[in-house]
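1. coords please:
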Amino acid sequence: MPLNRSFARPQRPAQLQSGKLRWTSALLMAAIALAAVGGGAWWWKQRQDAAAAATAGGAATGTNAARRPGGGPGRFGGGNVQPVSVGTVQRGDVRVVVSAIGTMSARATAVVRAKVSGELTSVRFKEGDEVRAGQVLAEIDARSYQAALSQAQGTLQRDQALLKNAQLDLKRYQDLLARDSIASQQVDTQAALVRQLEGTVASDQAQVDAARLQLSYTQVTAPFAGRLGLRQADKGNVVGPSDANGIVTINQVRPIDAAFSVPEAHLPQMRRRMAAGEELPVELWDRDSRRQLAKGRVVALDNAIDSTTGTIKVKAAFANEDGALYPNQFVNVRLQVNLLQGVLTVPATSVQNNYVYLVQEDSTVTQRRIRVGVTDGDRVSVEGELREGEQVVTDGIDRLREGAKVAVIDAGAVTRADQAAQDQAAQRRAFIASLPPDVREKLQKMSPEERRAFLRERRAQTGASGAAAPASAASAAASSASGVGAPGAAPASAPQASAAPQQQRSEAPPRAAAPQASPGAAPPAPHAAPAAPADRSPEPPRGIPPQVKALLDQMPADERARVMAMPQEERRAYIRERLQQQPPSQGGAASPAR
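-> Modelled structure (predicted):
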């Protein structure tokens, strides 16, 4: 009989399984109990901290209320005291302003054309200039018109001579007629001839005046004062009255007008104020409504309302004394149609759904329902249970509820913090700009951590060596270039390290105190030897070639500063190259820097 094997796991006793379940349940209950105890302790701690903070700093203002230790309430903290910004309820005048979009237009525009035909001989204006009325702008060839005037004047003189002769004959004939020595018909004929010649002379005079007028047209003048446009004709062109573009265009811009449209609902009030002789002030603002361009007044209303838009066109005049306004310029218009005097106003940011949060004396807030009126700038007129001088919340309204505890933040704290950050950034940019170009290039290739460490080190060096003399800096650079005292060179003995700066001071001629390091100069190297005390006796220099010292003394201050800021190996190579470029008479027998 085959053997049957079973591979199923043996059943555990029921008592063992039930015991495991009981242990698991006990552990789970213990964990829940521990969590409840910990949560209760944390809640009690938070409540105690909030109560202590409210008791100790209930009247605290500014950023200190949001920086208490122990998890105190912050801007988005879980405490009961909420930091807010406030504004004051004030009483004052509020303007009823209508905003519109307008376009500037010249008071008068004219295309300056030639009144007679001819060649343009001169142009006496510059494009864009402002000219006065009657100023000569251009000249046309006047020779033909001058000849015509001379011819007319000659004809007039001839006819005047004939008229004078006829008048003398008429006088003789009249004397003879009085003696009855001549026929009266001859006298009448002579009188008719005199009248005929008088008419001829009058006609000749008109011809002379016409010729003189045509001659005056050869000088093209400005019809009124204004600003010129671009030139349309050049010297040598033949111009005439039929030219479409003329010579130049002139616009009268002082004063200048602005045309805009306002809703017809404001028309009765505007007509009433204009009929009473009151002015309607108008302000012009730029495209972004950030800079005021000019102030003026309404001068005219259109005679019809536009039925498609329900608006009426208005024209306002502006002096434009500085000439900043141009025709066809786009402007934002603010028309004051009324002035509300002595009304309560609150900051516009404090109003939310016709409610404001009023800060009470116990540093709690309460809601007050208001009726919103006219907005003028950043303030709005209101009506409600508010008194002048009370404070309303302007920032942080979304975190408040009735009776919430608040801490008032200083309004200028954020502004001062932003200004401090901007000043610090400007100082950092100025410090980086004062570094040599090669150092700035290396600074750009560094990682942010390396860059911050480098800038901290350079600032510390600048502050520590602000009074170092240029001669000491040059000697330190020479010491680094020759390998004496450098980190990578062989260590020198203590007497040698102290003798070098002493000898430098003894060899240098007496001079005034070294000036302070300029902001643009690089700070001295970290391994530069300090200046020796004045009471030590000078010793001869050791390890610094005279050739290197002479080279550094000949360098300008800026070049010496750049050499001082170089790394050690780069500084050695630079000084070695400069020594090789010098003539043999300057180099001497000393070997170049190693």
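2. ranges for the helices of the protein?
-> Counting by DSSP state H, the segments of the chain that form helices are 14-56, 143-178, 184-216, 267-275, 411-433, 437-445, 448-464, 470-482, 494-507, 546-554, 557-565, 568-581, 584-587.
3. and for S350, the neighbour number?
-> 25 (other C-beta atoms under 10 Å). Bear in mind the C-beta positions are built from the backbone N, C-alpha and C, glycine included.
4. now for it: which residues touch it?
-> Neighbour list for S350: 87, 356-357, 392-394, 397 [criterion: C-beta atoms under 8 Å, 6 or more residues apart in numbering].
5. got it, and F454?
-> Applying C-beta under 8 Å, 6+ apart to F454 gives the contacts 443, 446.
6. quick one: low-confidence parts of the protein?
-> Within the chain, the stretches with pLDDT under 70 are 1-26, 35-79, 411-418, 462-544, 583-594.
7. try it again at 50.
-> In the predicted model, the chain carries pLDDT under 50 at residues 1-11, 13-16, 54-78, 466-542, 585-594.
8. any idea how far stretch 128-137 is from the chain center?
-> 33 Å (C-alpha atoms, centre = their mean, to the nearest Å).
9. CA-only coordinates of that stretch, as PDB, when you get a sec.
-> What follows is stretch 128-137, C-alpha atoms only, in PDB (Å, rounded to 0.1, in the frame of the first residue of the first chain):
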ATOM      1  CA  GLY A 128      10.700 120.000 -34.700                       C
ATOM      2  CA  ASP A 129      11.400 123.600 -33.800                       C
ATOM      3  CA  GLU A 130       8.900 125.900 -32.200                       C
ATOM      4  CA  VAL A 131       8.400 129.100 -34.100                       C
ATOM      5  CA  ARG A 132       6.600 132.300 -33.600                       C
ATOM      6  CA  ALA A 133       3.900 133.800 -35.800                       C
ATOM      7  CA  GLY A 134       5.300 135.600 -38.900                       C
ATOM      8  CA  GLN A 135       8.700 133.900 -38.700                       C
ATOM      9  CA  VAL A 136      10.300 133.300 -42.100                       C
ATOM     10  CA  LEU A 137      10.500 129.600 -42.800                       C
END
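10. for the longest strand along the chain, packing partners?
-> Assignment by DSSP state E gives strand 90-112 as the longest strand of the chain. With contacts defined as 3 or more C-beta pairs under 8 Å, 6 or more residues apart in numbering; DSSP states H and E, strand 90-112 has these neighbours: strand 226-228, strand 248-263, strand 330-347, strand 365-376, strand 379-384.
11. hmm, try it at 7 Å
-> Contact here means 3 or more C-beta pairs under 7 Å, 6 or more residues apart in numbering; DSSP states H and E; on that basis strand 90-112 packs against strand 248-263, strand 330-347, strand 365-376.
12. which of those strands sits most buried?
-> Counting by mean count of other C-beta atoms under 10 Å, strand 248-263 has the highest mean neighbour count of these, with a mean of 20.
13. just the buried ones from the contacts of S350, in PyMOL syntax?
-> Per 16 or more other C-beta atoms under 10 Å, the buried members of those correspond to this PyMOL selection:
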select buried, resi 87+356+357+392+393+394+397
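14. the closest residue to I397 other than its chain neighbours: neighbour count?
-> The shortest distance from I397 to any non-neighbouring residue, by C-beta to C-beta, 6 or more residues apart in numbering, is to Q352 (5.4 Å). Other residues lying near Q352 total 13 when counted by other C-beta under 10 Å.
15. for Q352, list each beta-bridge partner.
-> Taking DSSP bridges as the rule, Q352 bridges to Y355.
16. that one and D395 touch, don't they?
-> No - applying C-beta atoms under 7 Å as the test, Q352 and D395 come out as separate, 11.5 Å apart.
17. could I get the phi/psi values of the residue nearest to R132 when sequence neighbours are not counted?
-> Nearest residue to R132 in three dimensions, chain neighbours excluded: A225, at 4.9 Å (C-beta to C-beta, 6+ apart). Main-chain torsions, A225, degrees, to the nearest 10: phi -70, psi 140.
18. ok, now which ones touch A225?
-> A225 makes contact with 131-133, 252, according to C-beta atoms under 7 Å, 6 or more residues apart in numbering.
19. one more time with 10 Å
-> Contacts for A225 (C-beta atoms under 10 Å, 6 or more residues apart in numbering) come out as 108, 130-135, 250, 252-254.
20. return the closest of the residues you listed with respect to Q196.
-> G134 (40.9 Å; C-beta to C-beta).
21. next, count neighbours for V239.
-> V239 has 22 neighbouring residues, counting by other C-beta under 10 Å.
22. beta partners of it?
-> Beta bridges link V239 to G118, judged by DSSP bridges.
23. looks like it contacts Y217 (just checking).
-> No - using C-beta atoms under 10 Å, V239 is not in contact with Y217, being 11.2 Å away.
24. shared neighbours, the two?
-> Taking C-beta under 10 Å, 6+ apart as the criterion, V239 and Y217 both touch 114-118, 140.
25. export the helices and strands packed on strand 90-112 to TSV and append columns for distance to K126.
-> As requested, the helices and strands packed on strand 90-112 are exported to TSV (distance: least, C-beta to C-beta, whole Å):
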stretch	distance to K126
strand 248-263	10
strand 330-347	27
strand 365-376	44
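26. quick check: which of these is nearest to R271?
-> Closest to R271 of these is strand 330-347 (C-beta to C-beta; 10.9 Å).
27. let me know the angle separating the closest one from strand 365-376.
-> 150 degrees (axes from the mean of the first three to the mean of the last three C-alpha atoms, to 10 degrees).
28. could you dump the contacts of A225 to a markdown table with distance to V94?
-> As requested, the contacts of A225 are arranged in a markdown table below (distance: C-beta to C-beta, whole Å):
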| residue | distance to V94 |
| --- | --- |
| A108 | 38 |
| E130 | 40 |
| V131 | 45 |
| R132 | 44 |
| A133 | 44 |
| G134 | 49 |
| Q135 | 48 |
| I250 | 43 |
| Q252 | 36 |
| V253 | 34 |
| R254 | 33 |
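29. and these, which two are furthest apart?
-> Pairwise distances across those (C-beta to C-beta) peak at 17.8 Å, for the pair G134 and V253.
30. thinking again about what came up before, what sits against the residue nearest to I397?
-> By C-beta under 10 Å, 6+ apart, the contact list for Q352 reads 367, 393, 397-398, 400.
31. with D159 instead?
-> By C-beta under 10 Å, 6+ apart, the contact set of D159 is 197-205.
32. A324 too?
-> Contacts for A324 were tallied using C-beta under 10 Å, 6+ apart; they are 253, 256, 284, 293-294, 318.
33. next, it: phi, psi?
-> Dihedral angles (degrees, to the nearest 10) for A324: phi -80, psi -20.
34. from now on call the first residue 46
-> Yes, from this point I'll number from 46; that puts the last item at A369.
35. quick one: which of the contacts of Q397 is nearest R276?
-> Nearest to R276 among those: I442, at 61.2 Å, using C-beta to C-beta.
36. any idea how far that closest one is from G422?
-> 20 Å (C-beta to C-beta, to the nearest Å).
37. can you check A206 too?
-> Noted for A206: a distance of 83 Å to G422, by C-beta to C-beta.
38. how about N210?
-> 88 Å.
39. so these two - more neighbours on which side?
-> Neighbours per residue (other C-beta under 10 Å) separate N210 from G422, with N210 holding more: 13 against 10.
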